[in-house]
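*Asks:* Any chance you can model this:
(chains A, B and C)
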Amino acid sequence: MPELPEVEVVKRSLEKKILNLIIKKVKINDGNLRYKVKKQEISKLIGLKIKKIKRRSKFLIFKTNKDLLILIHLGMTGKFFFVNKKDKKIKTSFYYELIDEKKEQKHDRVIFFFKDKQKLIFNDIRKFGFIKLYNLEQFIKNSHFKKLGPEPLTKNWNSRYFKNFILGRNRNIKNLLMDQNFISGLGNIYVNEILHKSGIRPTRKVSTLKNYEIKKIVQNTKKTLKVAIKFGGSSIKDFSNEDGKKGTFQQYFQVYGRKGEKCSNIDCNMTITKLVISNRASFFCKACQK
DNA sequence: AGGCATGTTACAGG
DNA sequence: ACCTGTAACATGCC
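*Replies:* Predicted coordinates for the structure are as follows:
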């Protein structure tokens, strides 16, 4: 499910649910995520209060009231479900009913328990996600953040940075935008959309980009992500936030998954082409994207 | 049955 | 040492 907009949506909804809750118990159904979740280590969380939730790129960080924090990545299929037996609203929502009926779902990997039978479930089908504990000292030098590029929605992501980074390099623009060390938070879907909006073909070598094209890519990155967040992210397959609410940005995809459909640009009669680049599907319009 | 899937990373080759 | 691209991870769906 998760590129930057989806992770941001999850972050915002979790903030409304688990802030200031104390972890009473942690249950590991299957600790074989990207990194092994060990019972002994995760038990250190018991008794700690969740004080703050942050997002960096596609990572979530839960800060506690002690010198211990949780770093989470949703991987490809990671999801959170929050279950609150006392909350009428959630009780009527889709996911509450689902969970209540089935008790536990198949891919519930790790479950955090709070007071009054409230719980936060980390569900991850493919197990590419992870949950890691750090103290502050370790966290500051954690390998995941070492080389991470700028956040796309900050002023650090700009044309000057872009031009400077590509000096002496010559890869294609699709791979560059997917490179988390160049810009952090984008993934396959949003890169496809951004390049279509910018009129740039995914195979374009970065050394051939004109200044105005770089500007367009930077602006369209910000615009696309902002709108996607506004619409609650994209729910392809089964993405949802912890309320079971679905994002709706997938309705606005111009190219992703639209092979053979007509290009959305007015006056363009071309159909969308699919091309695999570096093992990932790329979708683009041959007429509009140069 | 085979191909494909929103991500990351270890490794190979230049 | 740097740069780039590929394959692998685990699981399910079409």
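*Asks:* ok, so what distance separates A:G199 from DNA strand B?
*Replies:* 22 Å (Cβ to the nearest atom of the strand, to the nearest Å). C-beta: built from backbone N, CA, C; applies to glycine.
*Asks:* ok, what's across the strand from A:F122?
*Replies:* A:F80, A:V110 (DSSP bridges).
*Asks:* Spit out the contact partners of it.
*Replies:* By Cβ atoms under 8 Å, 6 or more residues apart in numbering, the contact set of A:F122 is A:72, A:78-80, A:108-112, A:129, A:131.
*Asks:* What of A:D108?
*Replies:* Neighbouring residues of A:D108 by Cβ under 8 Å, 6+ apart: A:29, A:81, A:121-123.
*Asks:* Kindly report the same for A:F162.
*Replies:* Taking Cβ under 8 Å, 6+ apart as the contact definition, A:F162 lies against A:214, A:217-218.
*Asks:* same check, this time on A:T203
*Replies:* A:172-174, A:275, A:277, A:282.
*Asks:* thinking again about what came up before, and of the contacts of A:D108, the nearest to A:T248?
*Replies:* A:F81 (19.6 Å; Cβ to Cβ).
*Asks:* any idea how far that closest one is from A:K119?
*Replies:* Separation of A:F81 from A:K119 (Cβ to Cβ, to the nearest Å): 8 Å.
*Asks:* A:A228 now?
*Replies:* Counting by Cβ to Cβ, the gap from A:A228 to A:K119 is 29 Å.
*Asks:* Neighbour count for those two, which is higher?
*Replies:* A:A228 (26 against 22; other Cβ atoms under 10 Å).
*Asks:* I figured that one hits A:Y190, correct?
*Replies:* Yes. Between A:A228 and A:Y190 there is a contact under Cβ atoms under 8 Å: 7.0 Å.
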